[in-house]
Structures are given as structure tokens and as C-alpha cells.
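*Asks:* Just to be clear, the model below is a prediction. Sequence and coordinates:
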Amino acid sequence: MEDSFFSGVTGRIPYGGLDSVDPLSFHVYQPDRMVLGKRMEDQLRIAICLWHSFNWPGSDVFGAGTFDRPWLDSRLEPMLAARAKLDAAFEFISKLGVPFFCFHDRDIAPEGRGFAESRANLEAMVGAAEEHMARTGVKLLWGTANLFSHPRYAGGAATNPDPEVFAYAAAQVKLMLEMTKRLNGANYVLWGGREGYETLLNTDVAREEAQFARFLSMVAEHKHRIGFKGALLIEPKPQEPTKHQYDYDAATVHGFLVRHGLDGEYRLNLEVNHATLAGHSFHHEVAYAITHGMFGSVDANRGDYQNGWDTDQFPNSVDELSLAVYEVLRSGGFETGGFNFDTKLRRQSIDRADLFHAHIGGIDTLAKALLVATAMIEDGRLEQLRAERYASWDGELGRSILSGDVLFEMLAGRVETGEIDPRPRSGHQEMLENIVNQEIWSADQPAVVEAGERR
Ligand code: XUL
Ligand code: CO
């Protein structure tokens with residue numbers, strides 16, 4: 001296989017500015033630009049995912065792979081192919097110039113003829129990843145185990161009716177948690193791939209909930225045992241591949257964790273398209289997680305509002321993302337998380353450069369959303385109007401209600417005498433939306449700004 005897979009892209013993608021007509025340049029993203037006291041790169045913490053971008057041939061349920069991914073040829077020796085894949089992935093990440101990557105165990109190492117061989121394959125490929133990371137400076141945002149592709153997981157992993165499948169999944173996650181620690185991963189993610197059901201006719205949801213909780217307790221226990229310092233994250237998704245998945249959305253996962261005393265151990269990895277599938281805006285999912293101290297990281301992508309499946313397209317809406325990034329910035333920004341591009345090219349995007357075009361567009365969209373959200377914060381009107389809306393809860397009546405000092409009878413008495421007689425107040429939604437649009441339209445063009453200086 002070629003020494004340089006992306007030889008058509010020479011060197012690192014530069015910042016060209018909004019006027020640049022070079023499609024292989026960033027129009028907004030400037031890693032070193034200071035935004036709200038941090039470098040843009042450190043605010044966004046962008047990661048490339050190995051599964052869709054390097055381990056997926058462009059197949060769908062109706063047709064074969066369309067992409068030029070020579071390492072996926074099944075006639076190749078599996079470990080040689082795995083090394084070629086990793087070489088191409090690190091060449092891409094370095095040329096794109098982003099700081100992180102994410103992978104499942106099976107993305108980098110082929111399944112062997114038994115667990116021992118799979119383990120040896122993974123350990124060898126983690127060694128190869130270590131070398132690439134040392135050479136390029138690229139870091140691991142998160143690792144995860146693939147508990148959904150192999151036929152053994154057709155009925156779920158932790159929620160499988162067969163405890164031997166639970167045990168196999170435990171062995172796989174134990175190993176991958178250890179590999180993530182070895183690579184200094186900032187997080188470990190659990191997406192409940194097939195933890196759900198196809199039909200309630202054969203499903204005991206009470207047992208499956210208990211099994212799932214037990215599994216997550218064991219993961220947390222092992223994390224502490226090995227001294228992994230990264231965060232454990234659960235990625236909600238309401239359906240697909242199963243008809244119904246237990247980790248439906250942020251609120252459902254939060255409730256599950258609280259029910260089992262695990263909310264101190266886990267945070268959430270929120271994915272834009274999964275929010276869409278759950279009938280939520282992504283803004284809602286982010287705000288919910290932050291409000292409850294559960295926000296961890298983001299899988300950046302977008303769905304298609306006409307489709308009921310996970311299209312995993314590249315983000316392209318500044319309008320929508322600005323609202324979510326605003327919540328992230330209000331909460332102080334990412335701690336261990338970042339924006340992982342859990343994104344798929346369209347099947348016809350078959351040129352090698354298309355992977356660059358897709359990521360450049362997505363990253364520029366996020367960078368612009370970051371600038372808009374920063375403008376929303378610095379402007380301060382939204383925050384002030386929200387605070388004013390609730391201001392009377394800080395007055396005598398509001399405080400006495402929340403402190404428990406007054407009972408229904410006392411409130412009723414004050415209403416009955418006519419002392420309390422509320423007048424409806426405007427929520428001013430359109431005015432607030434106009435402020436957001438004003439920031440979107442005016443958020444200034446990128447320019448190099450020195451540390452500490454305002455935009
Ligand atoms: C599936 C999905 C996964 C997880 C990692 O929809 O998002 O790729 O992000 O297992
Ligand atoms: Co995802």
C-alpha cells in the first residue's frame with residue numbers, strides 16, 4: 001500500500017480566511033486564536049473518529065462499499081491491513097491539524113480466532129497507535145469497545161439473556177479500558193449499541209435493567225482499580241440498531257444512573273443526531289446534561305429532518321450549533337470532553353479529498369458557532385433577560401416558598417384576600433431570537449487576536 005495515502009493534500013490544511021477560494025483551507029478555524037480566554041483548539045478539542053472515516057467502506061443496506069479504502073480488502077493479511085489503516089488515519093489527522101482521535105477496539109485491531117488472539121491483536125495495534133501519537137502529538141479523546149458488530153451481541157451485551165455474553169463483553173471492556181488508560185485517553189465511552197429490545201414479547205426489562213446496572217458498576221469499579229483518571233461517559237441514543245434502546249436520551253440515562261447510585265461515576269457523551277432521533281433539539285440535550293452536572297463530551301454530526309435514521313452527516317448549521325455551544329460556554333467549557341466527528345461521508349463522496357472537505361466544513365461550522373456563542377456571552381443580554389424573568393423568586397414570596405416556610409394554606413390566604421393577584425408577563429421569545437440572530441449575523445470575522453484581548 002502507498003506510503004502516503006493522502007498524497008494529493010500536501011502538508012497541513014492552512015487557515016485561509018473567509019475570502020479564501022481554496023477548498024482545502026479553513027475559513028474560520030484558527031487553532032491559536034484566543035476565544036474567551038482559551039485557544040480555539042482548546043475550546044473545541046476536535047477529534048476524528050476512526051470507525052466511519054477509516055473503517056467503513058461506504059456500504060449501506062442496499063449496496064456495497066463505494067469508498068477507496070484499500071485496507072478493508074478482506075484478501076489482505078488482517079494485521080498488515082490494520083497497520084495501513086492506522087497509517088492513513090494518522091496522516092489524515094496530522095494534515096487536518098486537529099488534536100484528538102477516538103476509536104473502538106475493532107476499528108484498529110481485527111477480531112482473532114478467540115479472545116486471546118483478539119487481545120494480542122489489540123495490544124499490538126495499541127503499540128502502533130502509541131508510536132503514531134508520539135510522532136504526531138495527536139492525543140486520544142476517548143476509547144470504546146465495539147459490543148454490537150459481532151453476532152454474539154445480536155441480543156445485546158450486558159442486557160443479553162445469556163450471562164456468557166455478559167462475561168465476554170466484560171472481558172472486552174476491561175481490556176479496552178486498560179488500553180485507553182495506556183494511551184492516556186481523556187475519557188472512556190459506552191454507547192449501548194444493542195442494549196435494548198426488538199420485541200417485548202421475549203424481553204424481561206426488569207432483569208435487563210439489573211444486568212445493565214451491574215455491568216456499569218463493574219466498569220466503574222475497574223476504572224478505579226486500575227487508576228484510570230479519565231471520565232466514564234454514556235452515549236444516549238433512542239433506537240437503531242434496536243427498535244428501542246434503554247439509553248434513550250440524556251434524561252433517561254440520568255434517571256437510570258440515579259436509580260442505581262451511579263450518577264457520580266458517569267457523565268454523558270451527547271450526539272447531535274441521537275438528539276434528533278429522540279425528538280429533542282441538541283440544545284435541549286446539552287442544557288439538560290449541564291443542568292444536572294452530567295455533561296461530558298459531544299459527538300458532532302447532524303441528522304436529516306426528513307429521515308428517521310442516523311444519517312451522521314457533517315455539521316453545517318451555525319444557527320443550531322451556536323445555541324448548544326452557548327450552553328457549553330456558559331458552563332465553563334469542556335473539561336475532559338471535546339467535539340468528536342462521529343460523521344459519515346455520503347456514499348458518492350468517493351475522492352480521497354472529500355474526507356478533508358467534509359471535516360473542514362464541519363470544523364469551520366463549529367468554529368463559527370464558537371464565535372457566535374462567545375458574542376452571546378460577552379453581549380450579556382440573554383443572560384440578563386433570563387435572570388430578570390426569575391428575579392421575583394429572589395424576593396420575599398419566592399424565597400419563602402422555596403425554603404418551605406409557607407404552606408398551601410398560607411399562600412391560599414394571601415390569594416383569597418387579593419394581596420396576590422399575578423399579571424401575565426411576556427416571555428419575549430421573538431425578541432430573544434432576534435438577539436441570537438443579531439449575533440449570528442454580526443459575530444466578527446476571524447482575525448488573530450492576542451491572548452487576553454477581547455474579540
Ligand atoms: C452509534 C454511535 C457510535 C458511538 C460509539 O450511533 O454514535 O458510533 O459513538 O460507539
Ligand atoms: Co456516536
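*Replies:* The structure has been received and is ready for your questions. Ligands and ions are numbered 1, 2, ... in the order given.

*Asks:* When you work out contacts or count neighbours from here on, use the C-alpha atoms and nothing else.
*Replies:* OK.

*Asks:* roughly how far apart are the nearest residue to residue 32 once chain neighbours are set aside and residue 29?
*Replies:* The spatial neighbour of residue 32 that comes closest, neighbours along the chain excluded (Cα to Cα, 6 or more residues apart in numbering), is residue 39 at 5.1 Å. Distance, residue 39 to residue 29, using Cα to Cα, to the nearest Å: 11 Å.

*Asks:* Mind checking which of these two has more residues around it?
*Replies:* Between residue 39 and residue 29, counting by other Cα atoms under 10 Å, residue 29 is the more crowded of the two (26 against 16).

*Asks:* so what's the more buried one scoring on pLDDT?
*Replies:* What the model reports for residue 29 is a pLDDT of 98.

*Asks:* ok, it touching residue 13?
*Replies:* No: judged on Cα atoms under 8 Å, residue 29 makes no contact with residue 13 at a distance of 10.5 Å.

*Asks:* which ones are touching the residue nearest to residue 32?
*Replies:* Contact analysis of residue 39 by Cα atoms under 8 Å, 6 or more residues apart in numbering lists 31-33.

*Asks:* Just the buried ones from those?
*Replies:* For the contacts of residue 39, a neighbour count by 16 or more other Cα atoms under 10 Å gives the buried set as 31, 33.

*Asks:* Out of the contacts of residue 39, which is nearest to residue 250?
*Replies:* Compare each of those with residue 250 using Cα to Cα and the shortest gap goes to residue 31, at 30.2 Å.

*Asks:* ok, and the closest non-adjacent residue to that closest one?
*Replies:* Residue 31 sits nearest to residue 41 (Cα to Cα, 6+ apart), 4.4 Å away.

*Asks:* Residue ranges in the chain under the pLDDT threshold?
*Replies:* For the chain, applying pLDDT under 70 flags the ranges 1, 444-455.

*Asks:* again, only this time at 90
*Replies:* 1-3, 307-308, 443-455 (pLDDT under 90).

*Asks:* Wait, residue 94 touches residue 135, no?
*Replies:* No: look at residue 94 against residue 135 with Cα under 8 Å: they stay out of range, at 10.0 Å.

*Asks:* out of those two, which sits in the more crowded spot?
*Replies:* residue 94 (18 against 10).

*Asks:* and that one, which of the three is it?
*Replies:* helix (DSSP: H, G, I helix; E, B strand; the rest coil).

*Asks:* can you pull the contacts of it?
*Replies:* 12, 136, 138 are the contacts of residue 94 under Cα under 8 Å, 6+ apart.

*Asks:* 10 Å instead, please
*Replies:* By Cα atoms under 10 Å, 6 or more residues apart in numbering, the contact list for residue 94 reads 11-13, 88, 100, 136-138.

*Asks:* Which of those residues fall within helices?
*Replies:* 88, 136 (DSSP state H).

*Asks:* Now the two most distant members of the contacts of residue 94.
*Replies:* Farthest pair in those, by Cα to Cα: 11 and 100, 18.0 Å.

*Asks:* between these two, who's got more neighbours?
*Replies:* residue 100 (24 against 13).

*Asks:* Please name the nearest non-neighbouring residue to the more buried one.
*Replies:* Closest to residue 100 by Cα to Cα, 6+ apart is residue 47, at 4.2 Å.

*Asks:* so who does the one you found touch?
*Replies:* By Cα under 10 Å, 6+ apart, the neighbours of residue 47 are 93, 98-102, 138-142, 298-300, 337-342.

*Asks:* Tell me where this protein has strands.
*Replies:* With DSSP state E as the criterion, the chain has strands at 34-35, 38-39, 46-49, 100-104, 139-144, 187-191, 196-197, 231-235, 244-245, 266-271, 295-300, 339-341.

*Asks:* Dump the ones you listed into JSON lines; add distance to residue 72 as well.
*Replies:* JSON lines is the format used below for those (distance: least, Cα to Cα, whole Å):
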{"stretch": "strand 34-35", "distance to residue 72": "40"}
{"stretch": "strand 38-39", "distance to residue 72": "37"}
{"stretch": "strand 46-49", "distance to residue 72": "16"}
{"stretch": "strand 100-104", "distance to residue 72": "16"}
{"stretch": "strand 139-144", "distance to residue 72": "21"}
{"stretch": "strand 187-191", "distance to residue 72": "24"}
{"stretch": "strand 196-197", "distance to residue 72": "30"}
{"stretch": "strand 231-235", "distance to residue 72": "27"}
{"stretch": "strand 244-245", "distance to residue 72": "30"}
{"stretch": "strand 266-271", "distance to residue 72": "27"}
{"stretch": "strand 295-300", "distance to residue 72": "24"}
{"stretch": "strand 339-341", "distance to residue 72": "21"}
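
*Asks:* For residue 322, find the nearest of those.
*Replies:* It is, among those and with distance given as Cα to Cα, strand 295-300, at 12.7 Å.

*Asks:* Helices of the stretch 1-150 of the chain, start to end?
*Replies:* 40-44, 50-54, 78-96, 105-108, 115-136 (DSSP state H, counting those that start in this stretch).

*Asks:* closest to residue 376 out of these?
*Replies:* helix 40-44 (15.8 Å).

*Asks:* Please list the outside residues in contact with the closest one.
*Replies:* Taking Cα under 10 Å, 6+ apart as the rule, helix 40-44 contacts 29-38, 46, 97-99, 325, 328-329, 332-335, 337-340, 363, 366-367, 370-371.

*Asks:* Just the C-alphas of that helix, formatted as PDB.
*Replies:* In PDB, the C-alpha atoms belonging to helix 40-44 read as follows (Å, rounded to 0.1, in the frame of the first residue of the first chain):
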ATOM      1  CA  MET A  40      -9.800  27.900  19.800                       C
ATOM      2  CA  GLU A  41      -8.200  24.500  19.600                       C
ATOM      3  CA  ASP A  42      -8.500  24.100  23.400                       C
ATOM      4  CA  GLN A  43     -12.100  25.300  23.400                       C
ATOM      5  CA  LEU A  44     -13.300  22.900  20.700                       C
END
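
*Asks:* that older thread, who touches both of residue 29 and residue 13?
*Replies:* Counting by Cα under 10 Å, 6+ apart, the residues touching both residue 29 and residue 13 are residue 360.
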